[in-house]
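Asks: My questions concern the predicted model and sequence given below.
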Amino acid sequence: MPQRLLARWYAPEAGPSLLTPLSWLYGVVVALRRAAYRRGWRSAQRVARPVVIVGNLTVGGTGKTPLTLWIAQQLQAQGLRVGILSRGYGRRGSATRAVRADDDWRAVGDEPLLLARRSACPTLVARDRVAGAQQLAAQGVQVILCDDGLQHLRLERDAALVVLDGERGLGNARLLPAGPLREPPGALAGADALIVNGAPRHPSLAALAAQGALLRMDLEAQQALPLAGTASARALAQFRGTPVHAVAGIGNPQRFFASLRAHGLTVLEHPFPDHHPLTRAELDFADELPVLMTEKDAVKCPHGADARLWYVPVTARFADADARRLLEVLRTRLRHAGVEC
């Protein structure tokens, strides 16, 4: 998505837009599709295992992948076998396939590859989400986590978790293409839990925050890992004192840059569009300064043996009270589906 359009969507003042009539048309299509499922003209398909959707209402990164990893870890700690299902945005082909840790990201997508490596869960990419979920069920998983897919109504879900960006909120609160919304804000009422990534500073989140409807998640980054060679992990604080190149091809690159500055680093920003396939030329800054990138960028980085390159993994963290609330929501929904944890 062009950065100029994203900037307009998330600008403090929405202002008039020539795209507004297209947003009205998009809204009609969304409403008709929802009505078709609600009235039984189209039917959602249930698979043999409970499905938990981790999605968002807006275009652009909100933190779904770290939340999916956190949930997988929590459920695995309860003794459950978890499977992860994703469409595999940007991959070659559309066939359902398992994701292995050594796969080429072009074949499976960058986020599914990251999920497979970090979670050690059976992970599938499938354009047909129902077929993918059925395949995971046949492999013996007890719970299916669907990374994204909030708007994919054909696969029946047992729980829907919506992730919101605390800084950007719902943007200008307009539907695509005049704004970042895939669905009207009222769709939030159908979620089992609303998780906000960072402090809910955006005005569009004020009412939800006042109602106590938001569970806060923070993304914690503590160290950088080398992409190649035998170097050891380094605490981010060790990069202080000299500038670093920061590369981010994610939905909200500024979040990554801000997290590095929070550790006292001097950051030279290099934002790229979400899912951008990095090239060697784009990482050649004609100096020997360290290059820090997100973990999502690292899985698609042509690093070779370049000792300048480091990636910064993030981990989702919750306050104890919010973690308990979210886990209780999941336990209740899974229990209703016949799975105890």
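Replies: In hand now; what should we look at?
Asks: In contact with the residue nearest the centre of the chain, which residues?
Replies: Central residue of the chain (C-alpha atoms, centre = their mean): K64, 2.7 Å from the mean position. Counting by C-beta atoms under 8 Å, 6 or more residues apart in numbering, K64 touches V54, G55, N56, D147, D148, V163. Every C-beta, even on glycine, is put in place using the N, C-alpha and C of the backbone.
Asks: So which of those residues sit within strands?
Replies: Using DSSP state E, the subset of the contacts of K64 located in strands is V54, G55, D147, V163.
Asks: isn't there a helix covering L6?
Replies: Yes: applying DSSP: H, G, I helix; E, B strand; the rest coil, one finds L6 inside a helix.
Asks: That one: how many residues sit nearby?
Replies: Using other C-beta atoms under 10 Å, L6 has 19 neighbouring residues.
Asks: same deal with the one 5 residues further on?
Replies: Residue neighbour count, defined by other C-beta under 10 Å, stands at 11 for A11.
Asks: Let me know whether it touches A173 as I believe.
Replies: No: applying C-beta atoms under 8 Å as the test, A11 and A173 come out as separate, 11.8 Å apart.
Asks: V339 is in what secondary structure piece?
Replies: In the assignment (DSSP states H and E), V339 maps to no helix and no strand.
Asks: going forward can the numbers begin at 50, since that is how I track them
Replies: With 50 as the first residue, the last one maps to V388.
Asks: residues contacting it?
Replies: V388 is in contact with R98, P99, L129, Q191, V192, counting by C-beta under 8 Å, 6+ apart.
Asks: top helix in this protein by residue count?
Replies: Using DSSP state H to define each element, the chain has its longest helix at helix 69-87.
Asks: buried sites along that one?
Replies: Going by neighbour count (16 or more other C-beta atoms under 10 Å), the buried part of helix 69-87 is S72, Y75, G76, V79, R83.
Asks: check contacts around the first one.
Replies: With contacts defined as C-beta under 8 Å, 6+ apart, the neighbours of S72 are S66, R223, L224, L225, P226, A227, G228.
Asks: any chance of those in TSV, with distance to N301 and secondary structure too?
Replies: Shown next, in TSV, are the contacts of S72 (distance: C-beta to C-beta, whole Å; DSSP: H, G, I helix; E, B strand; the rest coil):
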residue	distance to N301	secondary structure
S66	21	coil
R223	18	coil
L224	20	strand
L225	17	coil
P226	19	coil
A227	20	coil
G228	16	coil
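Asks: Between these, which sits nearest L124?
Replies: The closest of the contacts of S72 to L124 turns out to be L225 (C-beta to C-beta; 32.6 Å).
Asks: from memory the closest one sits against W73, does it?
Replies: No: if you go by C-beta under 8 Å, L225 and W73 don't touch, sitting 11.1 Å apart.
Asks: overlap in contacts of these two?
Replies: Common neighbours of L225 and W73 (C-beta under 8 Å, 6+ apart) do not exist.
Asks: Tell me how many other residues crowd L199.
Replies: 22.
Asks: correction: E377
Replies: Applying other C-beta under 10 Å, I find that E377 has 11 neighbouring residues.
Asks: residues contacting A150?
Replies: L162, A165, R166.
Asks: May I ask which helix or strand encompasses the last one?
Replies: The secondary structure element spanning R166 is helix 159-168 (assigned by DSSP H and E).
Asks: Please work out the average pLDDT along the next helix or strand after that helix.
Replies: Next along the chain after helix 159-168, taking DSSP H and E as the criterion, comes strand 172-174. Throughout strand 172-174, pLDDT has a mean value of 98.
Asks: Centre of the chain to strand 172-174, how far?
Replies: Strand 172-174 has its C-alpha centroid displaced from the chain centroid by 15 Å (C-alpha atoms, centre = their mean, to the nearest Å).
Asks: for that strand, packing partners?
Replies: strand 131-135, strand 146-147, helix 159-168, helix 178-187 (3 or more C-beta pairs under 8 Å, 6 or more residues apart in numbering; DSSP states H and E).
Asks: Alright, that wraps it up for me.
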